[in-house]
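Q: sharing a sequence plus its predicted fold:
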Amino acid sequence: MPFTLRGGTRLYWKREGEEKLPPLVLLNSIGTDMGLWDACMPHLLRDFQILRMDTRGHGASDAPEGDYTLTELAEDVHAVIKAAGFSRVSVAGVSLGGMMAMELALSHPEIVEAAVLICTSAEMDRKAWADRIVKVRSEGMGAIADLAMGRFLSPSFIMSAPAIAQSLRLGLVSMNAAGYAGAGAAIRDMALIDRLPKLALPVLVVTGTRDVSTPFTGHGERLVDAIPDAWAVSLDAAHLAPLEAPVPLATAIRRFLLPHKDVGNAADTLYEAGLINRRRVLGDEWVDRSLARRTPFNTDFQAMITRIAWQEIWGRPGLDDRIRRLLVVAITASLGRWEEFALHVRAGLSRNGFSQDDLKEVLMQTAIYAGVPAANTGFAEAMKIIEELGAAS
């Protein structure tokens, strides 16, 4: 487990993804740990190398007694970024994490390339936070659990995802009260709003339409007004957007940060992006053979399916590769497109895209919804590939 020691406090962090991709730092809200981002991770790791950390007082990081300051928390992030070996990063933060991102960008403009500020604010009700801190320190985390949960998630989401809501509550009430109170003091005492015009970097402000804690009115709008050339987007979510709207949030982050890359001709860019997805799913060997067989007659067709099928569809964030592979297998079996069926069965089994049990269940489902003859042929074609792969291994 990687820890960075700063000022006697251990800070837990995790670095994930391919080293060739641009680094993105994800910061969590007060009362949560880095797991807040779990549902977003599959949709971000395809484009970014991710650095997550547990804020001081949260998760596996130490929780020293006393008040924390926003400057102190931002310096923690700076220390972790340096420990991870990054010199320039983009930062996305939720609530307290967004406040930390703003402070980091103001204090260390040389290290922050762009910022995504999610369900956050530059100024909160000082008295309300002072009262909450006193309550936590005198009565423990259980005393503010109902208040916090009512602000974290919308009632409709709690009803539709009770397991997620219960897990969030358990994590909240079991966290160190000193850590929550210390971080709460950083929110209470922050001095950001008057400094925001000094931010000279691309900034996206994300607000939730069901967020009662930091809605656009009074919070998001003030960020947009104060930060030069800030962009804004609204999601159907309450305060913890990574839990309620992980795919729309990941999509917003990707769309905002990726255009800052140096891209050339749009068609070429889409083709190259599609080729990356095609190689990831089917493997370099198959793709290289396919490209080598191009002729003047089919080159435009190959380019078109690479741009549209492999980039526009296989590049979408809503489903992971495993689900897309299995969908293709079911559809091609139902339509009797056995050449394409064999291609994706072979690629899925040989590249650990899905298991034989996954394949069997898909074909069983196909038998009911597309007919037994289609599934029967599917099993026969799949058995040929399974035997072939078994003989080759």
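A: Received the coordinates, thanks. Numbers count the residues shown, from 1 in each chain.
Q: rest of the way, CA atoms for contacts and neighbours
A: Noted.
Q: please point out which parts of the least confident helix or strand in the chain by mean pLDDT sit buried.
A: In the chain, no helix or strand scores lower on mean pLDDT, DSSP states H and E than helix 266-282, which sits at a mean of 79. Within helix 266-282, the residues scored as buried using 16 or more other C-alpha atoms under 10 Å are Leu270, Tyr271, Glu272, Ala273, Gly274, Leu275, Ile276, Asn277, Arg278, Val281, Leu282.
Q: what's in contact with the helix or strand hosting Ala374?
A: Element membership of Ala374, judged by DSSP states H and E, is helix 372-392. Outside helix 372-392, the residues within contact range by C-alpha atoms under 8 Å, 6 or more residues apart in numbering are 333-336, 338, 342, 345-346, 350, 360, 363-364, 366-367.
Q: which one of those residues is nearest to Glu139?
A: Lys360 (54.5 Å; C-alpha to C-alpha).
Q: residues touching the closest one, list them.
A: Counted by C-alpha under 8 Å, 6+ apart, Lys360 has contacts Phe379.
Q: give the buried residues for the helix or strand it falls within.
A: Element membership of Lys360, judged by DSSP H and E, is helix 356-370. Using 16+ other C-alpha under 10 Å as the test for burial, helix 356-370 gives Leu359, Val362, Leu363, Met364, Thr366, Ala367, Ala370.
Q: same check, this time on stretch 192-202
A: Those would be Leu192, Leu196, Leu199, Ala200, Leu201, Pro202, for stretch 192-202 by 16+ other C-alpha under 10 Å.
Q: export that stretch to PDB, keeping only CA atoms.
A: Coordinates of each C-alpha in stretch 192-202 appear next as PDB, following Å, rounded to 0.1, in the frame of the first residue of the first chain:
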ATOM      1  CA  LEU A 192     -11.300  31.100  -2.000                       C
ATOM      2  CA  ILE A 193     -14.000  33.200  -3.600                       C
ATOM      3  CA  ASP A 194     -12.000  36.400  -3.800                       C
ATOM      4  CA  ARG A 195      -9.000  34.600  -5.300                       C
ATOM      5  CA  LEU A 196     -10.800  32.700  -8.100                       C
ATOM      6  CA  PRO A 197     -10.200  35.400 -10.800                       C
ATOM      7  CA  LYS A 198      -6.500  34.500 -10.500                       C
ATOM      8  CA  LEU A 199      -7.200  31.000 -11.900                       C
ATOM      9  CA  ALA A 200      -5.600  30.800 -15.300                       C
ATOM     10  CA  LEU A 201      -6.400  27.300 -16.500                       C
ATOM     11  CA  PRO A 202      -9.300  25.500 -18.100                       C
END
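Q: show me the strands in the chain, by range?
A: Under the criterion DSSP state E, the chain carries strands at the ranges 3-6, 9-16, 23-27, 49-53, 89-94, 112-118, 203-208, 231-235.
Q: and of the ones you listed, who's closest to Ala83?
A: The nearest among these, by C-alpha to C-alpha, is strand 3-6 at 6.9 Å.
Q: where in the stretch 151-300 of the chain is pLDDT low?
A: Within the stretch 151-300 of the chain, the stretches with pLDDT under 70 are 259-269.
Q: mind running it again at 50?
A: 260-265 (pLDDT under 50).
Q: in it, what residue spans correspond to helices?
A: 155-160, 162-174, 177-189, 221-226, 241-244, 246-257, 266-282, 284-292, 299-305 (DSSP state H, counting those that start in this stretch).
Q: give me the residues contacting the fifth one.
A: Same thing as helix 241-244. Here helix 241-244 has contacts from 36-37, 39-40, 94, 118-119, 153, 157, 208, 235, 237-238, 249, using C-alpha under 8 Å, 6+ apart.
Q: what are the buried residues along the helix holding Ala374?
A: Val372, Ala374, Ala375, Asn376, Gly378, Phe379, Glu381, Ala382, Ile385, Ile386.
Q: now those residues in a markdown table, with distance to Ser61 and pLDDT?
A: Output for the buried residues of helix 372-392, formatted as a markdown table (distance: C-alpha to C-alpha, whole Å; pLDDT from 0 to 100):
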| residue | distance to Ser61 | pLDDT |
| --- | --- | --- |
| Val372 | 56 | 97 |
| Ala374 | 55 | 96 |
| Ala375 | 52 | 96 |
| Asn376 | 55 | 97 |
| Gly378 | 51 | 97 |
| Phe379 | 51 | 97 |
| Glu381 | 52 | 96 |
| Ala382 | 49 | 96 |
| Ile385 | 49 | 95 |
| Ile386 | 47 | 95 |
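Q: tell me the spacing between Pro228 and Ala115.
A: Between Pro228 and Ala115 the distance is 13 Å, computed by C-alpha to C-alpha, to the nearest Å.
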